[in-house]
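S.K.: this one's structure only:
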């Protein structure tokens with residue numbers, strides 16, 4: 001039975017058809033391509049702008065330098081947050097800090113896990129909420145609105161069409 005399911009899975013193309021309707025999902029697209037294309041689309045939203053001084057912010061306390069590509073960093077982070085909220089939602093700032101964390105390796109001892117910067121995530125979430133792409137759910141965290149889902153799926157469809 002497992003072998004038969006595996007063969008069926010291999011024959012499935014990128015477009016899943018259910019009763020003649022093509023369903024496009026963000027899970028069918030490579031995350032790097034989706035985030036890069038979505039970041040370009042987020043530049044068109046007037047509510048999403050890099051805060052003043054954000055080109056000097058480090059993304060976590062264990063990092064030595066700020067991001068090198070600081071012109072695109074804010075839009076890439078907002079696009080990545082939108083994708084993560086869609087994938088793992090509802091999520092809060094603390095869980096997102098864990099996703100953007102990494103290894104804190106200072107000195108000869110063992111490394112420890114550390115969280116990412118919270119201010120970057122909070123400000124980006126506020127901007128995405130003002131753009132009506134995400135919304136706050138009662139005591140559960142943030143979820144993606146229908147407008148945000150539409151933006152993600154249209155972007156994924158555009159990538160798959162290329």
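M.R.: Looks like it came in fine. As the structure is a prediction and not an experimental result, all values here were calculated from the model.
S.K.: Let me know the pLDDT of the residue lying closest to residue 24 once chain neighbours are set aside.
M.R.: Spatially, and ignoring its direct neighbours in sequence, residue 24 is nearest to residue 157 (4.5 Å; Cβ to Cβ, 6 or more residues apart in numbering). C-beta coordinates here come from the backbone N, C-alpha and C atoms, glycine included. If you check residue 157, the pLDDT there is 89.
S.K.: wait, doesn't residue 157 sit right on residue 25?
M.R.: No. Using Cβ atoms under 8 Å, residue 157 is not in contact with residue 25; the gap is 9.7 Å.
S.K.: The residue minimising distance to the centre of the chain and residue 108: what is the separation?
M.R.: Among the residues of the chain, the one closest to the centroid is residue 80, at 2.3 Å (Cα atoms, centre = their mean). According to Cβ to Cβ, to the nearest Å, residue 80 and residue 108 sit 33 Å apart.
S.K.: swap in residue 114?
M.R.: Note on residue 114: its distance to residue 108, by Cβ to Cβ, is 17 Å.
S.K.: quick one: which of these two has more around it?
M.R.: For the pair residue 114 and residue 108, the greater number of neighbours falls to residue 114 (17 against 5), based on other Cβ atoms under 10 Å.
S.K.: would you list every one of the helices in this protein?
M.R.: Along the chain, counting by DSSP state H, helices occupy 2-11, 31-42, 73-88, 93-99, 118-130, 146-161.
S.K.: quick one: contacts of stretch 94-108?
M.R.: 59-62, 81, 84-85, 88, 111-118, 121, 125, 141 (Cβ atoms under 8 Å, 6 or more residues apart in numbering).
S.K.: Would you mind checking those residues for buried ones?
M.R.: For the contacts of stretch 94-108, a neighbour count by 16 or more other Cβ atoms under 10 Å gives the buried set as 59-60, 62, 81, 84-85, 114-117, 121, 125, 141.
S.K.: Thank you, goodbye.
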